[in-house]
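**Q** please find the sequence and the predicted model below.
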Amino acid sequence: MDAPTTAGPDSVAPADLTTDILIIGAGPAGLFGAYYAGFRGMSVTLMDSLPEAGGQVTAMYPEKIIYDVAGFPAVRGRDLVSALVTQAGAFSPNYLLGQQAAELTHETDAVVVTSAQGTRVRAKAVLITGGLGTFTPRPLPIGGDHLGRGLVYFVPKLDVHTDADVIIVGGGDSAFDWALALEPLARSVTLVHRRDKFRAHAHTVEKVQSSRVEVLTFTEVSAIHGDERVEKVELAHSKSGERQVRPAQAIVAALGFTADLGPLTRWNLTIDKRHIVVDSTMATGVERIFAAGDITEYPGKVRLIATGFGEVATAVNNAAPVIDPSAKVFPGHSSDDGPIPA
């Protein structure tokens with residue numbers, strides 16, 4: 001993926017920025033929102049607490065094939081994000097990555113969002129596309145001292161595990177997706193789960209069970225061995241008490257994650273079970289604040305990437321007259337305006 005222009009965690013972001021619209025969340029919905037806002041003639045800034053664009057797709061399943069995005073019979077997660085970054089790049093949005101939105105204040109004809117890192121953004125409208133909010137991996141009960149030294153919670157790049165013995169812990173979609181993705185590359189892949197029932201999609205479970213991935217149920221990681229890096233893993237069977245030690249250079253703990261809205265809960269938004277309530281225009285009820293994508297809630301809500309694309313276009317178009325009172329909600333058709341700027 002071509003890297004967007006960023007002010008990430010290893011660079012210094014400007015202390016103050018002014019923009020027409022601030023999009024909080026650089027996942028698929030936020031990236032498409034950046035394109036659409038640029039198409040509407042707005043200056044755009046994206047802010048995300050993660051260090052890379054793509055949100056949950058980049059962090060958790062960049063190699064997963066997605067089948068329900070319009071126009072793509074099948075598209076790999078990282079390829080979808082790359083295409084969205086390229087599409088948004090036609091209008092040169094400003095990226096503030098590694099920056100968590102923290103404080104909100106209102107000014108005349110604008111709102112000001114200050115990040116936890118101290119960057120202050122003055123915007124005529126804010127669009128929240130934060131997906132699940134801030135998500136934190138559930139830790140493996142043991143072996144925390146090996147984190148980053150063979151123990152990981154996400155697999156953003158598969159090839160780092162080429163020819164490795166990989167232990168995957170978990171029974172959900174991420175665990176089974178990574179097992180399938182790593183099977184052709186790794187020397188061995190063993191999936192361990194403490195139960196014999198899985199939360200993953202049944203078809204994916206069947207594919208893993210018919211592959212060379214070894215699936216061990218009623219099994220947990222009881223010890224991790226290795227000084228500088230993971231070298232061996234001790235597995236314990238919860239029913240028989242049997243223990244075995246296996247070579248391992250990588251442990252993927254796919255145990256799910258906890259998510260919360262963090263500082264957004266202090267913005268006077270209406271929250272329903274960790275989701276922001278919006279109306280049919282994607283307005284939140286707080287002046288100049290809109291929301292779209294998985295983070296939102298309304299009657300009949302369906303949480304899909306495809307749905308988020310439509311919601312974010314609705315949000316941007318309804319934000320347009322808020323930003324510029326002379327603007328109309330309906331943008332016209334993109335095909336009427338000629339080619340997108342290079």
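**A** Yep, that arrived. Numbering: from 1, shown residues only.

**Q** and the residue of the chain positioned farthest from its centre, how far from residue 218?
**A** Here the centre of the chain is the reference, and by CA atoms, centre = their mean the most remote residue is residue 240, at 39.1 Å. Applying CB to CB, to the nearest Å, the value for residue 240 to residue 218 is 8 Å. The way it works is simple: take the backbone N, C-alpha and C, and place the C-beta from them, glycine included.

**Q** so, low pLDDT: which residues of the stretch 101-250 of the chain?
**A** 133-135 (pLDDT under 70).

**Q** go again using 80 as the cut-off
**A** Applying pLDDT under 80 to the stretch 101-250 of the chain picks out residues 131-137, 156.

**Q** show me what the longest helix seen in the chain is packed up against.
**A** The single longest helix within the chain, with elements called by DSSP state H, is helix 305-323. Helices and strands in packing contact with helix 305-323 are listed as strand 16-24, helix 28-39, strand 120-128, strand 289-291; criterion 3 or more CB pairs under 8 Å, 6 or more residues apart in numbering; DSSP states H and E.

**Q** quick one: contacts of the last one?
**A** Yep, that's strand 289-291 we're talking about. Outside strand 289-291, the residues within contact range by CB atoms under 8 Å, 6 or more residues apart in numbering are 104, 111, 125-129, 267, 269, 276, 278, 281-284, 315, 318-319.

**Q** one more pass at 6 Å, please.
**A** Applying CB atoms under 6 Å, 6 or more residues apart in numbering, the set of residues contacting strand 289-291 from outside is 126-128, 276, 278, 282-284, 315, 319.

**Q** re earlier: out of the helices and strands packed on helix 305-323, flag the one nearest residue 162.
**A** Comparison of the helices and strands packed on helix 305-323 against residue 162 by CB to CB identifies helix 28-39 as nearest, at 28.1 Å.

**Q** give me the angle between the next helix-or-strand element following the closest one and strand 120-128.
**A** Sequence-wise, the next helix or strand beyond helix 28-39 is strand 44-48, with elements assigned using DSSP states H and E. With axes from the mean of the first three to the mean of the last three CA atoms, to 10 degrees as the criterion, the two stretches strand 44-48 and strand 120-128 enclose an angle of 80 degrees.

**Q** which other helices and strands contact the helix or strand following strand 44-48?
**A** On the C-terminal side of strand 44-48, the nearest following helix or strand under DSSP H and E is helix 55-60. Contacting helix 55-60 under the criterion 3 or more CB pairs under 6 Å, 6 or more residues apart in numbering; DSSP states H and E are the following elements: helix 77-89.

**Q** same for the helix it packs on, what does it pack against?
**A** Contacts of helix 77-89 with other secondary structure elements, assessed using 3+ CB pairs under 6 Å, 6+ apart, are made with helix 28-39, helix 55-60.

**Q** quick one, what contacts the residue sitting nearest the centre point of the chain?
**A** Computing the C-alpha centroid of the chain and ranking residues by CA atoms, centre = their mean puts residue 56 first, at 1.5 Å. Contacts for residue 56 (CB under 6 Å, 6+ apart) come out as residue 131.

**Q** separation between residue 153 and residue 307?
**A** Counting by CB to CB - residue 153 and residue 307 are separated by 27 Å.

**Q** go on, residue 255?
**A** Applying CB to CB, one obtains 27 Å for the distance of residue 255 from residue 307.

**Q** quick one, domains of this structure?
**A** Structural domains assigned to the chain are 16-135+258-337, 139-255, following automatic domain parsing.

**Q** in the stretch 151-300 of the chain, which spans are helices?
**A** Assigned by DSSP state H, counting those that start in this stretch, the helices in the stretch 151-300 of the chain fall at 173-182, 202-209.

**Q** next, count neighbours for residue 241.
**A** 7 (other CB atoms under 10 Å).

**Q** nope, residue 171 is what I meant
**A** Per other CB under 10 Å, the neighbour tally for residue 171 reads 24.

**Q** reformat the helices and strands packed on helix 305-323 as JSON lines; add mean neighbour count and distance to residue 84.
**A** Shown next, in JSON lines, are the helices and strands packed on helix 305-323 (neighbours: other CB atoms under 10 Å; distance: least, CB to CB, whole Å):
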{"stretch": "strand 16-24", "mean neighbour count": "23", "distance to residue 84": "12"}
{"stretch": "helix 28-39", "mean neighbour count": "28", "distance to residue 84": "4"}
{"stretch": "strand 120-128", "mean neighbour count": "24", "distance to residue 84": "15"}
{"stretch": "strand 289-291", "mean neighbour count": "28", "distance to residue 84": "19"}
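
**Q** for residue 71, which of these is the nearest?
**A** Across the helices and strands packed on helix 305-323, the minimum distance to residue 71, taken as CB to CB, is reached by helix 28-39, at 12.4 Å.
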